[in-house]
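1. model this:
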Amino acid sequence: MFQLDGKTAVVIGGAGGLGEFCSIAMANQGARVVIASRDLRKLNEVIKNHPDVATKLTAMWVDVTDDESVSKLAEEAVAKFKTIDILVNAQGIVTKMPAHEINLGIWDLMFATNVRGVMLSCMAFGKVMMAQKKGKIINFSSVRGVRGTDGGNVTYGATKGAVDMITRMLAAEWAPYYINVNAIAPSVVLTETLKKSVAPERLQMLLSKTLFKKFCSPEDVAAACVYLASSESDYITGQILYVDGGLTAIG
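-> Below is the predicted model:
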């Protein structure tokens, strides 16, 4: 189960973080994976750091906020691999801002990356999948797309709420083409960056809200990605898969 042999995936936002973990997990399951972002140096570091699957990884440049750049990525990926079976939109940025002091330039940048970027890539690769009448699209959302919180997250939550509805709408519109469109919505993922950037007392508060009393790990998210990319999820579409330790179950 959950094998991806013979499949080709494109992971936008594959230069680190959750995108990297998902890329390596799919490669370990047999997929050829295009990892794409605006930082080719980091992409090549990802390949270098994973010698066991290095031959399955290909780095390509893209600016997800630019429609021509995204279209070119789709063209290059199809030219190299003939078909694209899986698209993972793992790109995203977050800046916390008090609601009464929102910097509109940052607001626009977050929507350009988190929402426009998702839609542009879905459009470009969706055309490929429509033509071949098959495909899996996996968008990255967050529990903040459905649950509010404090701490200056209104902009981020708004972008993820938009991603959720894009996911559902595309699932409905592209069902006749046998394209599955789903999203992964993690809660707080414990990374080294998080440990350094969040005060210990806030980490404990966040931890207390999880049913299992442990944080989500990057491996948890990658496992969900492999599931949604595999044939085992062929009857799943239009869903937001909450990898959240039960956070959304209790409000």
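2. Kindly export stretch 153-162 (C-alpha atoms) in CSV.
-> This file holds the C-alpha atoms of stretch 153-162, laid out as CSV (Å, rounded to 0.1, in the frame of the first residue of the first chain):
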residue,chain,number,x,y,z
ASN,A,153,-2.9,35.6,13.0
VAL,A,154,-5.8,37.2,11.2
THR,A,155,-3.9,37.5,7.9
TYR,A,156,-2.6,34.0,7.9
GLY,A,157,-6.0,32.5,8.9
ALA,A,158,-7.7,34.4,6.1
THR,A,159,-5.3,33.0,3.5
LYS,A,160,-5.8,29.5,4.8
GLY,A,161,-9.6,29.9,4.8
ALA,A,162,-9.3,30.8,1.2
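3. Rounded mean pLDDT for that stretch, please.
-> Averaging pLDDT along stretch 153-162 yields 96.
4. give me every residue that touches the residue lying closest to Met97 once chain neighbours are set aside.
-> Of all residues not flanking Met97 in the chain, Gly152 sits nearest, at 5.0 Å (C-beta to C-beta, 6 or more residues apart in numbering). For glycine as for every other residue, the C-beta is placed from the backbone atoms N, C-alpha and C. Contacts for Gly152 (C-beta atoms under 8 Å, 6 or more residues apart in numbering) come out as Lys96, Met97, Pro98, Ala99.
5. Just the buried residues of those.
-> Met97 (16 or more other C-beta atoms under 10 Å).
6. Show me which of the contacts of Gly152 is closest to Phe215.
-> Lys96 (18.5 Å; C-beta to C-beta).
7. Quick one: residues contacting that closest one.
-> With C-beta under 8 Å, 6+ apart, Lys96 has these contacts: Gly151, Gly152, Asn153, Tyr156.
8. what do you get if the cut-off is 6 Å, keeping everything else the same?
-> Contacts for Lys96 (C-beta atoms under 6 Å, 6 or more residues apart in numbering) come out as Gly152.
9. gap between Val64 and Gly152?
-> 24 Å (C-beta to C-beta, to the nearest Å).
10. pretty sure Ile35 belongs to a helix, no?
-> No - under DSSP: H, G, I helix; E, B strand; the rest coil, Ile35 falls outside any helix and is assigned strand.
11. who are the neighbours in contact with it?
-> Ile35 neighbours (C-beta under 6 Å, 6+ apart): Val11, Gly14, Ser23, Leu43, Leu57, Ala59.
12. Which members of these are classed as buried?
-> Val11, Gly14, Ser23, Leu43, Leu57, Ala59.
13. Let me know whether the first one touches Gly19 as I believe.
-> To tie it back to what came earlier, the one meant is Val11. Yes - with contact defined as C-beta atoms under 6 Å, Val11 reaches Gly19; the gap is 5.2 Å.
14. Between the two, which contacts overlap?
-> Ala90.
15. Check the contacts of Ile35 against Gly145 and report the nearest one.
-> Val11 (20.2 Å).
16. Count the neighbours of Ile236 for me.
-> 15 (other C-beta atoms under 10 Å).
17. That one falls within a helix, correct?
-> No - going by three-state DSSP, the assignment for Ile236 is coil, not a helix.
18. wait, what's in contact with it?
-> By C-beta under 6 Å, 6+ apart, Ile236 has no neighbours at all.
19. Look at it and report its pLDDT.
-> Ile236 is given a pLDDT of 98.
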